[in-house]
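[1] here are the coordinates; sequence isn't available:
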């Protein structure tokens, strides 16, 4: 049965039953060692759209149609619904629906669970926001704070009316303290939310992050919002190639400008538990909303080797999610180098298949029909 037909059946069943693939019922499949002739990937029940319940913001506006699902998973045919690893070493217990563990430098995937299942990214999406800002905005460009920045919901870096911030400082607020206010300011500098979201979508598509649809620059839930563990790992890998991103996300604290005499300059601290609690951490970006649950994407180095891990729709059981991500990193560093990977984080979007040439007899029949 073709993949598209299978997905249609899965979507129909989900609509009838309301099945949500709840996090607390995720049961890891048996870990499969990579061997030649492994069966191709199978679609996940929640691969087309994130599982319910929806956020209030999603219910208020009709969602756009689901993103198309490629016939073959981006990154390789083994990147399907189950859990698979490059070796038979037991994987740590994970209270999450999806994860990807890969080599940060080569992109080779060492272990994964449902890598392309689509979930809400929450503030982990700010990695994509940062990528656009790094590519499109002058780091020294000054952006003025507004009263609207004070009214942004969720986490804030602390910008406001009368303040003037460089793009570099806004990136610090975005990545260290997950500032939704700084995400809004960066979008304003790029031409507004609509322009920023269009550019984020373009960067995701060109990079091969085909499960990602941004609905807000901050990662707050919105209609049609989705990403995947595969995409978060891919985007983080791309961002880490930019020295400003890598230097910012690994910074413990920075002086941050205020915006009026009652709000003077203060120290902005990095909220990443992995940065302060995991030896060799290169920084991380976490996120949480009630609909998305917990997300994290992070990188670390040990003995000259660098790994990236992305975890989506996680819970703080059996341990805080950052410790679960740390356990995956430990597992990866313990595996021998040179093992055969289960897939790869691509460098760019896969090219569509070239159109096939019709047989000569068919072309002759077409010409005859045209003359009739």
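    Structure's in. What do you need? Please read these numbers as outputs of a predicted model, since none were measured by experiment.

[2] how about the nearest residue to residue 258, chain neighbours excluded?
    Leaving aside its sequence neighbours, residue 258 sits nearest to residue 264 (CB to CB, 6 or more residues apart in numbering; 4.3 Å). Quick note: C-beta positions are derived from backbone N, CA and C, even for glycine.

[3] tell me how many other residues surround that neighbour.
    9 (other CB atoms under 10 Å).

[4] quick one: it and residue 162, what's the gap?
    Remark: distance between residue 264 and residue 162 (CB to CB, to the nearest Å) = 12 Å.

[5] now swap in residue 280 and tell me
    Taking CB to CB, one finds residue 280 at 41 Å from residue 162.

[6] any idea of the pLDDT on the closest residue to residue 67 other than its chain neighbours?
    Closest residue to residue 67 apart from its sequence neighbours, by CB to CB, 6+ apart: residue 213 at 5.7 Å. Reported pLDDT at residue 213 in the predicted model: 98.

[7] list the contacts for residue 213?
    64, 67, 201, 204, 224-227 (CB atoms under 8 Å, 6 or more residues apart in numbering).

[8] one more: residue 278?
    Residue 278 touches 298, 300, 322, 326, 329, counting by CB under 8 Å, 6+ apart.

[9] on that earlier part again, most neighbours out of the contacts of residue 213, which is it?
    Going by other CB under 10 Å, residue 227 tops the contacts of residue 213 with 32 neighbours.

[10] bridging residues for that one?
    For residue 227, the beta-bridge partners are residue 119 (DSSP bridges).

[11] export the contacts of residue 213 to JSON lines and append columns for distance to residue 103 and pLDDT.
    Formatted as JSON lines, these follow (distance: CB to CB, whole Å; pLDDT from 0 to 100):
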{"residue": "64", "distance to residue 103": "34", "pLDDT": "94"}
{"residue": "67", "distance to residue 103": "27", "pLDDT": "95"}
{"residue": "201", "distance to residue 103": "27", "pLDDT": "98"}
{"residue": "204", "distance to residue 103": "22", "pLDDT": "98"}
{"residue": "224", "distance to residue 103": "32", "pLDDT": "96"}
{"residue": "225", "distance to residue 103": "28", "pLDDT": "97"}
{"residue": "226", "distance to residue 103": "25", "pLDDT": "97"}
{"residue": "227", "distance to residue 103": "21", "pLDDT": "98"}
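
[12] ok, those residues vs residue 128, which is closest?
    Nearest to residue 128, judged by CB to CB, of the contacts of residue 213 is residue 204 at 6.2 Å.

[13] find the residue at the geometric middle of the protein.
    residue 232 (2.4 Å; CA atoms, centre = their mean).

[14] now the end-to-end length of stretch 149-166.
    Stretch 149-166 has its terminal residues 15 Å apart, counting by CA to CA, to the nearest Å.

[15] quick check: the closest residue to residue 144 other than its chain neighbours vs residue 196, distance?
    Nearest residue to residue 144, sequence neighbours excluded (CB to CB, 6+ apart): residue 164, at 5.7 Å. Remark: distance between residue 164 and residue 196 (CB to CB) = 20 Å.

[16] so which residues of the stretch 151-300 of the chain form helices?
    Using DSSP state H, counting those that start in this stretch, the helices found in the stretch 151-300 of the chain span residues 167-176, 180-189, 193-207, 229-239, 243-249, 273-277.

[17] quick one on the thing from earlier: give me every residue that touches the residue nearest to residue 144.
    Residue 164 neighbours (CB under 8 Å, 6+ apart): 142-145, 257.

[18] equivalent analysis for residue 115, please.
    By CB under 8 Å, 6+ apart, the neighbours of residue 115 are 73, 75, 79, 98-100, 109, 228-230, 343.

[19] rerun at 10 Å
    Residues near residue 115 by CB atoms under 10 Å, 6 or more residues apart in numbering: 41, 44, 47, 73-76, 78-81, 83-84, 98-102, 109, 211, 228-234, 310, 312, 342-343, 345.

[20] keep only those of these that are in strands.
    83-84, 98-102, 109, 310, 312, 343 (DSSP state E).
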